[in-house]
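Q: fold the following and give me the result.
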Amino acid sequence: MGFGLVVRFTAHDAEAAAAFDALAAETLPGIQEEPGTLIYISHEVPDEPAVRVFYELYVDREAFEEHEAQPHVRRFLAEREQYLATVEVTFLHGRTGKGLPQAGRETG
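A: A predicted model of the protein is given here:
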């Protein structure tokens with residue numbers, strides 16, 4: 001079921017949230033090229049304009065660690081702090097569900 005996480009970012013204000021969004025958008029093309037990154041989605045939260053929630057799913061923990069080591073991700077991690085008041089990370093281990101096929105399994 002992969003290795004996942006949910007990250008809740010709270011920006012300082014609406015201007016900082018917009019700058020954070022721009023940084024995330026600049027980072028996304030590199031993430032889309034990572035073979036071990038299965039899902040990487042940024043969400044807005046209704047009625048909380050300064051909050052963004054990311055859902056990330058990787059083939060396994062090693063793929064997540066490879067993601068974190070990429071230059072585009074390291075830049076994002078370094079630059080995001082200026083825009084954020086808080087960051088909350090919840091790591092997830094899949095159990096059951098519907099979605100992407102297991103890594104390495106034929107999809108017919």
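Q: from the chain's centroid, how far away is the longest helix along the chain?
A: In the chain, with assignment by DSSP state H, the single longest helix is helix 14-32. Taking C-alpha atoms, centre = their mean, to the nearest Å, one finds helix 14-32 lying 11 Å from the centre of the chain it belongs to.
Q: which other helices and strands does it contact?
A: strand 3-11, strand 37-45, strand 48-58, helix 71-80 (3 or more C-beta pairs under 8 Å, 6 or more residues apart in numbering; DSSP states H and E). Where C-beta positions appear, they are placed from N, C-alpha and C, glycine not excepted.
Q: one more pass at 6 Å, please.
A: strand 37-45, helix 71-80 (3 or more C-beta pairs under 6 Å, 6 or more residues apart in numbering; DSSP states H and E).
Q: parallel or antiparallel, list what pairs with the shortest one.
A: Paired neighbours of strand 37-45 in the sheet (DSSP bridges): strand 48-58 (antiparallel).
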